[in-house]
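Peer 1: Could you look at this predicted model? Sequence included:
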Amino acid sequence: MSANNIPNGNSSGPTTQKPSYKLNANSSSVGPSIHDASTLSDVRASLAALHVRETNITDRLNALISSQADLSRELGRLDLLRANLGSQVIATRSISNGMLSSAADTAGRLSSRVKGLDLEKDRVQQTLKVVEQVAELKACVHGVVGSMGAPQDWEAAAGYISRASKVPEPIIRGGFAAAMVPSVEVPDAPWVTLENAKESLCGLFLREFEKAAKDGDGAKVTRFFKLFPLIGRADVGLDVYGRYVCQGVAGTARATLRAAPGDAGKKDGFFYANALTKLFEHIAQIVESHGGLVERHYGEGKMVKVIERLQMEADVQGGIILDSWSDERGVDRKLTDAKSYPFSFLVQSFLPPQRSLTGTPRMNSPALGGGTNARNSEDEGVDMKEVDGLLSEISVMLGRWALYSRFLAGKCKNPDTPEDAPLSIPEVVIKSNLSRKISGKLTIPYNSLAMFFFRRSIEKAFQLDESPTGLSLNLNKPIDANAPYIISAVDDIMYIVSAMIHKAVSTSQRDVAASVIPDLGRVLGSDFIGMVQRRMRDEYYPQPTVQGGLPPENKIVPFIVLINSLDIAKDYLARIITSHLGTSSDQPNGKSHSNPLATTFPFEHDVTFVTSALNTLNATFALKSGELISDALKALFTFVIKQRLKPVLVEAFRDADYWRSEEELAESARQNDEDEEQVIDRVQRRFEHGWDALMKPIARLMTPKTFTALGDLTATDLAKTLEKRVWSYSGKTSAYGAIRMDRDFSGIISTVSRGHYSVREMFGKVTQILMVANMEEEEWEEISCEDNEDVIQWVLNEDERRRARNLVKA
């Protein structure tokens, strides 16, 4: 069959394949493509398939054409409905325009009429209200005049005036009231009548109030006091009431000062402090008991006016008490004496030591301790007992002033302030004369006298200082004293420090704490630590008297006692600060109890400031004392431990024959009639014996902390010494000798680290040198492999490790 007989076929040329496109994607029977036909039967099959598909498509098209009539019919119905709806819309619009527009006009007219009626009603109501107010005003005016007449009912008259005050001022002064209120009995304008009545009643109430106050009639005083706000004279009532309560305050204060029989009572240590306390307590009682009455009748916050008047009286009476106290105690004279006090003992103590040709210490040297140096403070012109009593009395008065200020701060606090908000000192206290006098008469003298008292106490403590007796480096001599072994001045001075901090904190005054606490740290650093340092340097420095010799015991023991004293003083001060801050280093995660200073210093930021000052005091003293302890321990190690440790090592390693083999060592032991085990343990036993003889006498004298620090210094130096000794055996040691050396050095390290395991870390290089030296070849090769570098934390570098492998002679 030719190509011309093939439908849709090309007449000539090669057949190009084209993609087949499905007419019906959902057809399940798809015949072979004519483009793939290669034989006549394939062409016929493709043609049959195309005829089938043509039939299916024709049927579907016929179905669509047959449904077109139904669609046209539905569209026609929709057009008909649209036409009907259009006519309905037109009819609805005509109804709206023709029928509802008139109703809308009617509604608008009704709304306007209603608004007009509401306006008329409001005007009528306002008129009625004005009429009622004028009627009320007229009744009040006539009531006032009537009550002030024959009945003399002052409460009723005040009540009428109070009622009249509720009528607006424009109504009272308006023309309608001026026309309607006056009458034959009351011809004046209402505002004139009311003002005259207020003035008359105010004068009357003042006279009656003062008369009742003079007669001591409390009920009558209260009666007229309550009437002042009713007549609009609240300021007058508060002022006269303030004068009334101030009279009681003044009388009580004068009676308190006169209560002491003669001068004997006034010389009592706390007489004036008690007088000031009674003054503050009396004012606080008045404010507490009368505050409710004032607030109830005069309004919230009006008690502040009375408090201001009371504070003015407190300024006067408190000033009298402070002036009398200052004159009676001779404060100015004591301040002058304190400022001019020479502190001779302290000054001489810091001078270079003066020695005669014979080496005798200078006279009056602090080193002599007792005798003429232990002068009484009275001999110096200042009685320390009087100063201490004066400080105690001032601290009590300052504490009472702080409580009084806190009380007034609570009473003057704005009602809108949150409950947990910190208090702030009220203006009535800040600007008061008594506050300035408290600062000049109490705070400033307290700060000056406190520092004098503390310095003089340190001087006295060192004048009377005693060291513990019976201390010795000989273990065979028992010690009768109790550890820790410190100078007596530490207990005395730290007791004074605790008392001074307690007094300063008890005043609740930021200015006192800001002066006293830093001054304590300054004096401790300059005088206490300076005195101990001077004794260490000039009197007990453990330097040998002969070149190459050892320091004498009478230098070493006092030197250790001074080191202990610094360490214990540091702990004492830390505990003192902790007791005031309520914190403890023993608590996990640094947690602490609530700061007890928060109740002592309630005003904003004060507690933070004082806490910081105390922490600074502790940190500064710990730093200075720690530096001196460190220097002293270095001196003790250099001149005592190091000098005695050398013979111990020489003796321990005497006859150390690490070059011998195991057989040679056994043979040597038999020749010398010695036990082989004893020969092997000889180095360890000798070192342990020498170490105990050196360190135990010192350990029983020192505090645990200082001995631990001394042990660290000793271990650091000993580690270097042992390292040098190990290298000195390089190439001279047998394999068996290296094992013995490892055993001996491990025993030495165990002896040194006994009770202080962390010391072992200092001997890390020695331990690793011997470990490398004693490794088997296979083990060393495995360790040396680069993949195993992290198996051991090396303290030896690569060269040192190779050198350690050559420690054993070939």
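Peer 2: Thanks, I have the structure now. Residues are numbered from 1 along each chain as shown.
Peer 1: Show me which residues of whatever helix or strand A574 lives in are buried.
Peer 2: Take DSSP states H and E as the rule and A574 turns out to sit in helix 553-581. Buried residues in helix 553-581, counted by 16 or more other CB atoms under 10 Å: 555-573, 576-578, 580-581. In short, each C-beta sits where N, CA and C put it, glycine included.
Peer 1: those strands in the stretch 1-150 of the chain, which residues are they?
Peer 2: Assigned by DSSP state E, counting those that start in this stretch, the stretch 1-150 of the chain shows no strands.
Peer 1: Can you list the low-confidence ranges for it?
Peer 2: For the stretch 1-150 of the chain, applying pLDDT under 70 flags the ranges 1-32, 98, 150.
Peer 1: Would you agree L276 falls within a helix?
Peer 2: Yes. Counting by DSSP: H, G, I helix; E, B strand; the rest coil, L276 is part of a helix.
Peer 1: Hmm, it is touching G399, no?
Peer 2: No. Using CB atoms under 8 Å, L276 is not in contact with G399; the gap is 10.4 Å.
Peer 1: Tell me which of these two has more neighbours.
Peer 2: Using other CB atoms under 10 Å as the criterion, L276 and G399 rank with L276 on top: 29 against 19.
Peer 1: Contact partners for that one?
Peer 2: Neighbouring residues of L276 by CB atoms under 8 Å, 6 or more residues apart in numbering: 318, 321-322, 397, 400-401.
Peer 1: mind running it again at 7 Å?
Peer 2: 318, 321, 397, 400 (CB atoms under 7 Å, 6 or more residues apart in numbering).
Peer 1: how about low-confidence regions in the stretch 501-650 of the chain?
Peer 2: Those would be 548, 583-594, if you go by pLDDT under 70 across the stretch 501-650 of the chain.
Peer 1: Go ahead and measure how far the helix ranked longest in the chain is from the middle of the chain.
Peer 2: Of all the segments of type helix in the chain, defined by DSSP state H, the longest one is helix 40-95. In terms of CA atoms, centre = their mean, to the nearest Å, the centre of helix 40-95 is set 89 Å apart from its chain centre.
Peer 1: Make 50 the first number, not 1, from now on.
Peer 2: Yes, from this point I'll number from 50; that puts the last item at helix 89-144.
Peer 1: F812 reaches I798, doesn't it?
Peer 2: Yes. Assessed by CB atoms under 7 Å, F812 is found in contact with I798 at 4.8 Å.
Peer 1: For the one residue sitting closest to the centre of the chain, identify the helix or strand it belongs to.
Peer 2: Nearest to the mean C-alpha position of the chain, counting by CA atoms, centre = their mean, stands T657 at 6.0 Å. Using DSSP H and E, T657 falls within helix 655-685.
Peer 1: Let me know the next secondary structure element after that helix.
Peer 2: Using DSSP H and E, the first helix or strand after helix 655-685 is helix 691-701.
Peer 1: And for the helix or strand following that following helix, what's in contact with it?
Peer 2: Remark: after helix 691-701, the chain's next helix or strand is helix 711-720, criterion DSSP H and E. Applying CB under 7 Å, 6+ apart, the contact partners of helix 711-720 are 709, 724-725, 728, 785.
Peer 1: Now with 10 Å, please.
Peer 2: By CB atoms under 10 Å, 6 or more residues apart in numbering, the list of residues contacting helix 711-720 from outside reads 704, 706-710, 723-729, 783-786, 788-789.
Peer 1: Test my guess that I729 contacts G786.
Peer 2: No. Look at I729 against G786 with CB atoms under 10 Å: they stay out of range, at 11.1 Å.
Peer 1: Have a look at those two and say which one is more surrounded.
Peer 2: Taking other CB under 10 Å, I729 and G786 do not tie; G786 has more neighbours (24 against 16).
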